[in-house]
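**Student:** What follows is a predicted structure for the sequence shown.
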Amino acid sequence: MHSKDADGPVVLEASGLTKHFPVRRSPADLLTGRRPRSVHAVEDVDLVLRRGRVTALVGESGSGKSTVARLLAQVHSRTSGQVRLHGAEVNVHGGRRFRAYVRRVQLIFQDPFASLNPVHTVRHHLTRSLRIHDNAGSTRADLEQALEALLAQVHLTPAQRYLDKFPHELSGGQRQRVAIARALGADPEALLADEPVSMLDVSIRLGILNLLRDLKERLDLAILYITHDIASARYFADETLVMYAGRMVEGGDSETVTQHPAHPYTQLLIDSAPDPDRITAPSDGPGSRPANAEPPSLIDPPSGCRFHLRCPFVMPRCAEELPPHFEIGDGPGHWAACWLYDTSSVREGVA
């Protein structure tokens with residue numbers, strides 16, 4: 001089970017993180033004088049990554065999860081908000097300061113075959129990582145020892161069996177282990193894992209998650225685990241944050257969020273996920289009802305709660321006012337951005 005200690009040192013945190021991608025103007029836009037538009041991919045996101053803990057960021061495709069990871073990795077520049085490393089604001093793109101930052105914060109990509117250059121061997125990928133981050137030692141023997149240590153950390157042994165192989169000669173799980181080893185070559189404090197198992201065969205996903213958990217414990221890492229599979233978040237993460245259409249809608253201890261979901265969207269995710277522990281049919285709750293609409297356009301997002309177009313409990317207020325985070329009280333730090341939990345006023349039709 002997960003550690004309940006939420007007091008580990010903060011490594012990386014974001015507050016008010018926002019990203020708008022400008023949309024290229026078409027000739028028709030120029031002729032009609034339409035103002036430039038943008039995709040509101042991420043809006044006002046707050047999160048904290050602590051040493052020795054895994055934070056899961058869950059949501060369907062297009063919700064903005066990967067954009068958050070790239071903002072934290074400084075791959076994308078942010079529109080507004082702050083990213084802080086050990087309390088100091090960071091905003092770097094290229095150069096020595098960027099290299100110093102990625103030495104401490106590493107991004108693991110979704111597709112290991114795409115993230116590894118197919119014309120280079122495992123030895124080349126790992127050696128380059130070690131040398132870029134000054135961890136290769138001063139002699140050839142030091143380098144070989146470092147390479148063997150990296151592969152041992154990701155359970156690819158003996159190292160000589162893998163060092164001179166090309167990515168296409170490895171299985172999907174082995175390629176992802178090499179990608180993780182390459183990230184460890186920087187000796188980071190935080191790993192941003194962007195759907196690290198979604199491209200892998202179901203039979204080997206658990207092995208990669210167990211590896212990441214083992215690394216978290218042995219190296220005292222802070223890990224952001226991005227996934228669309230909320231069931232794996234319950235198994236792997238200490239804390240779970242749920243994202244919909246660019247905004248955070250629920251968060252708290254993983255056991256609480258997955259077993260007692262508060263936001264109607266989280267309930268929808270839970271009921272759509274296979275659960276071998278659920279021996280009865282889902283109750284007639286919001287997760288069991290069909291969605292009323294597709295996710296909203298992020299070029300012209302709706303006012304109020306972005307989920308109100310699909311919510312079975314929608315009220316007039318939901319379309320007009322953006323709900324703040326309401327404390328739920330079911331578990332440590334459990335909150336939901338939903339007007340159903342506004343106890344400050346009595347609304348007709350709401351229990």
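**Tutor:** Received, thanks.
**Student:** So which residues of the stretch 251-351 of the chain form helices?
**Tutor:** 254-259, 264-272 (DSSP state H, counting those that start in this stretch).
**Student:** mind listing the strands for this structure?
**Tutor:** 10-22, 38-50, 54-58, 80-85, 88-89, 105-108, 190-194, 222-227, 239-244, 247-253, 326-327, 335-336 (DSSP state E).
**Student:** what's the angle from the first one to strand 247-253?
**Tutor:** With axes from the mean of the first three to the mean of the last three CA atoms, to 10 degrees as the basis, strand 10-22 and strand 247-253 are set at 160 degrees to each other.
**Student:** Buried residues of strand 10-22, list them for me.
**Tutor:** 11-14, 17-20 (16 or more other CB atoms under 10 Å). Every residue, glycine included, has its C-beta placed from N, CA and C.
**Student:** Who are the packing partners of it?
**Tutor:** Counting contacts by 3 or more CB pairs under 8 Å, 6 or more residues apart in numbering; DSSP states H and E, strand 10-22 is packed against strand 38-50, helix 65-72, strand 80-85.
**Student:** What are the contacting residues of it?
**Tutor:** Residues outside strand 10-22 that contact it (CB atoms under 8 Å, 6 or more residues apart in numbering): 36-51, 64, 67-68, 71-72, 76, 78-87, 104-105, 189-190, 222.
**Student:** got it, and the last one?
**Tutor:** Among residues not part of strand 335-336, those counted as contacts by CB under 8 Å, 6+ apart are 249-252, 262-263, 266, 325-328.
**Student:** and those, which are buried?
**Tutor:** Buried residues within the contacts of strand 335-336, counting neighbours by 16+ other CB under 10 Å: 249-252, 262-263, 266, 326, 328.
**Student:** Dead centre of this protein: give me the residue that sits there.
**Tutor:** residue 226 (2.7 Å; CA atoms, centre = their mean).
**Student:** Report the beta-bridge partners for that one.
**Tutor:** Legend: beta-bridge partners of residue 226 under DSSP bridges are residue 57, residue 194.
**Student:** contacting residues around it?
**Tutor:** Here residue 226 is in contact with 56-57, 65-66, 68-69, 192-195 (CB under 8 Å, 6+ apart).
**Student:** among these, which two are most distant?
**Tutor:** 56 and 66 (13.8 Å; CB to CB).
**Student:** Quick check, residue 98 in contact with residue 74.
**Tutor:** Yes - between residue 98 and residue 74 there is a contact under CB atoms under 8 Å: 6.3 Å.
**Student:** Which of these two has more residues huddled nearby?
**Tutor:** Between residue 98 and residue 74, residue 74 has the larger neighbour count (other CB atoms under 10 Å), namely 21 against 15.
**Student:** Next, the more buried one: phi, psi?
**Tutor:** phi 70, psi 20 (degrees, to the nearest 10).
**Student:** my guess is it meets residue 92, correct?
**Tutor:** Yes - contact criterion CB under 8 Å: residue 74 and residue 92 qualify, at 5.5 Å.
**Student:** packing partners for whichever helix in the chain runs longest?
**Tutor:** Criterion DSSP state H: the longest helix present in the chain is helix 202-219. Under the contact criterion of 3+ CB pairs under 8 Å, 6+ apart, helix 202-219 touches strand 54-58, helix 172-184, strand 190-194, strand 222-227, helix 230-236.
**Student:** Could you provide the helices of the stretch 251-351 of the chain in TSV, with additional columns for distance to residue 319 and mean pLDDT?
**Tutor:** Output for these, formatted as TSV (distance: least, CB to CB, whole Å; pLDDT from 0 to 100):
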stretch	distance to residue 319	mean pLDDT
helix 254-259	25	93
helix 264-272	14	91
